[in-house]
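Enquirer: sequence first, then the predicted structure, then my questions.
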Amino acid sequence: MKIYQGIDTFEPLPYAVVTSGTFDGVHLGHQKIISRLTEIARIHGGETVVLTFWPHPRTVVSNDSRDLRLLSTIEEKTELLEAAGVDNLVIIPFTRSFSELSSEEFIQQILVERIGTKKLVIGYDHHFGRNREGSFDYLKQHAHQYGFEIEEIPRQDVDAVGVSSSKIRTALLEGNLATATRFLGRPYSLTGTIVKGQQLGRTIGYPTANIQVDDPNKLIPSNGIYAAEVIYQGRLLGGAMSIGTRPTVGGTHRTIEVFIFDFDQEIYGEHLTVRFIEYLRPELKFDGLPALVAQMDLDVGKAKRILYSSART
């Protein structure tokens, strides 16, 4: 996949099959669009082009964006789009001035002149341009004058519910991991740096890796205990993960800690990725360390059964 930081260096293609959007999480609905994009490009001998925006438009144009948490960093989004088979990814810096482009200017200056769009594929209820004035109906009425065809992909339903990034965010924040996983089409994940904690886990037989998430806008799921997959230096490991304030030991701030099974290495300062496989239980306050350790024994046993079951191997 070719990656362009901005539109200026992109050379128009003979047959560009294009879509645009934020693609936060690259969920099942996004995957449906990209699959159609690829199918059209194959039929016509063209190339697929995904236009996305960074930072997320809401952080630039919305007054309620301070609490916006994203399903994917720009690095994660790039990896997911490449894995989906996209030929060209154009990451457009989303600025206040860019947000002022009208739908007409966006179409003419970017889709037509810079990309050379021959077929535009957009998702259900997609809008673009200043104040989201551009729509499928607008494009359909004017596509002939721009020299490209337009196609709208119906919404992707799971259990009769339309998939969206906002619904996935809500599910993760409410502890509904199963719904988030179904809508994403894969486990939710996050990447961070291993930092030193209080090292209490070592004293009770459960040394944990404390994860500091690199991107402050990355969504952290609800507090609780999870069965997790851990990816470290290309190795796939199992783990039991805790998100919360550690009330049993008087914790005052939120931490992300993972006990990695059959692992005994010093990895401070290094990166690892965790995949959320199953929500086990909410965070609880126990009456002392012995009760906490007894529950951790149960949590680790359950996590191992989930991760190493024959249905997953």
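Expert: Noted; the coordinates are in hand.
Enquirer: C-alpha only now, for contacts and for neighbours.
Expert: Will do.
Enquirer: quick one: the strands in the stretch 201-313 of the chain, in order.
Expert: Under the criterion DSSP state E, counting those that start in this stretch, the stretch 201-313 of the chain contains strands at 209-213, 224-232, 235-244, 255-260, 271-281.
Enquirer: nearest to V86, out of the ones you listed?
Expert: With Cα to Cα as the criterion, V86 lies closest to strand 271-281 of the strands of the stretch 201-313 of the chain, at 23.3 Å.
Enquirer: who does that closest one pair up with?
Expert: Strand 271-281 has the following strand partners under DSSP bridges: strand 188-195 (antiparallel), strand 224-232 (antiparallel).
Enquirer: longest helix of this structure?
Expert: As assigned by DSSP state H, the longest helix anywhere in the chain is helix 289-307.
Enquirer: can you report phi and psi for D264?
Expert: Recorded main-chain torsions at D264 are phi -150, psi 80, according to degrees, to the nearest 10.
Enquirer: tell me the pLDDT at it?
Expert: Note on D264: pLDDT of 89.
Enquirer: do R66 as well
Expert: pLDDT for R66: 67.
Enquirer: next one: I74
Expert: On the pLDDT scale, I74 is placed at 96.
Enquirer: who wins for proximity to S103 among the strands of the stretch 201-313 of the chain?
Expert: strand 209-213 (36.2 Å).
Enquirer: thinking again about what came up before, now the strands of the stretch 201-313 of the chain in CSV, with mean neighbour count and mean pLDDT?
Expert: Output for the strands of the stretch 201-313 of the chain, formatted as CSV (neighbours: other Cα atoms under 10 Å; pLDDT from 0 to 100):
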stretch, mean neighbour count, mean pLDDT
strand 209-213, 22, 96
strand 224-232, 23, 98
strand 235-244, 21, 97
strand 255-260, 20, 97
strand 271-281, 20, 97
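Enquirer: figure out which of these is closest to D297.
Expert: strand 235-244 (10.4 Å).
Enquirer: who does the closest one pair up with?
Expert: Applying DSSP bridges, one finds strand 235-244 paired with strand 224-232 (antiparallel), strand 255-260 (antiparallel).
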